[in-house]
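>>> Okay, here's the prediction I keep looking at, along with the sequence it came from:
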Amino acid sequence: EVQLVESGGGLVQPGESLRLSCAASGFAFGSFVMIWVRQAPGKGPEWVSQINSGGGKTDYADSVKGRFTVSRDNAKNTLYLQMDSLKHEDTAVYYCGTTIVPQWYWGQGTQVTVSS
């Protein structure tokens, strides 16, 4: 059974940092692209970042480029999202996900709140 479990969210002030983790199990983690998406209150999902299976290729939404860094440790079956210089508009529930065709799998999400 595919399982994705996010952790690391919390309440921070603008300008601070958080690191999210996504622990994966039930599939060959190191063989699949992983993505982060977020959903802010009252809004639809927003793609944030993705990383290829080996970790050598990453992509970011313009809204987080230069502030967020995605990485993975295939030996630990874990995906990360380092979030620096956080802004109020980064407040959202953050989800990690992957697709094992034809199905998408998502974690339960972790809440990030940026507030002064």
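Structure's in. What do you need?
>>> where do the strands sit along the chain?
Secondary structure of the chain (DSSP state E): strands at 3-7, 10-12, 18-25, 34-39, 45-51, 58-60, 68-73, 78-83, 92-100, 103-106, 110-114.
>>> tell me how far the last one is from the chain's mean position?
The chain centroid and the centroid of strand 110-114 are separated by 12 Å under C-alpha atoms, centre = their mean, to the nearest Å.
>>> Please point out which parts of it sit buried.
110, 112-114 (16 or more other C-beta atoms under 10 Å). From N, CA and C alone the C-beta is placed, and that goes for glycine too.
>>> Next, format the residues you listed as TSV and append distance to K43.
Output for the buried residues of strand 110-114, formatted as TSV (distance: C-beta to C-beta, whole Å):
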residue	distance to K43
T110	17
V112	14
T113	15
V114	15
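>>> for those, which one is nearest S85?
V114 (10.2 Å; C-beta to C-beta).
>>> bridging residues for that closest one?
In this entry, V114 is beta-bridged to V12, by DSSP bridges.
>>> Surely it is in contact with S17?
No - applying C-beta atoms under 8 Å as the test, V114 and S17 come out as separate, 10.7 Å apart.
>>> what sits in contact with each of the two?
Taking C-beta atoms under 8 Å, 6 or more residues apart in numbering as the contact rule, V114 and S17 both touch L86.
>>> what sits up against stretch 19-36?
Stretch 19-36 has contacts (C-beta under 8 Å, 6+ apart) with 1-9, 47-54, 70, 72, 74, 77-83, 94-100, 107, 110, 112.
>>> end to end, how far does stretch 75-88 reach?
One end of stretch 75-88 sits 34 Å from the other (C-alpha to C-alpha, to the nearest Å).
>>> Please list the residues outside that stretch that contact it.
12, 14-25, 29-30, 34, 36, 48-49, 51, 64, 67-73, 90, 94, 96, 112, 114-116.
>>> In the beta-sheet assignment, what are the partners of the residue positioned nearest the centre of the chain?
When C-alpha atoms, centre = their mean is applied to the chain, the residue found nearest the centroid is W36 (3.4 Å). Beta-bridge pairing of W36 under DSSP bridges involves S49, C96.
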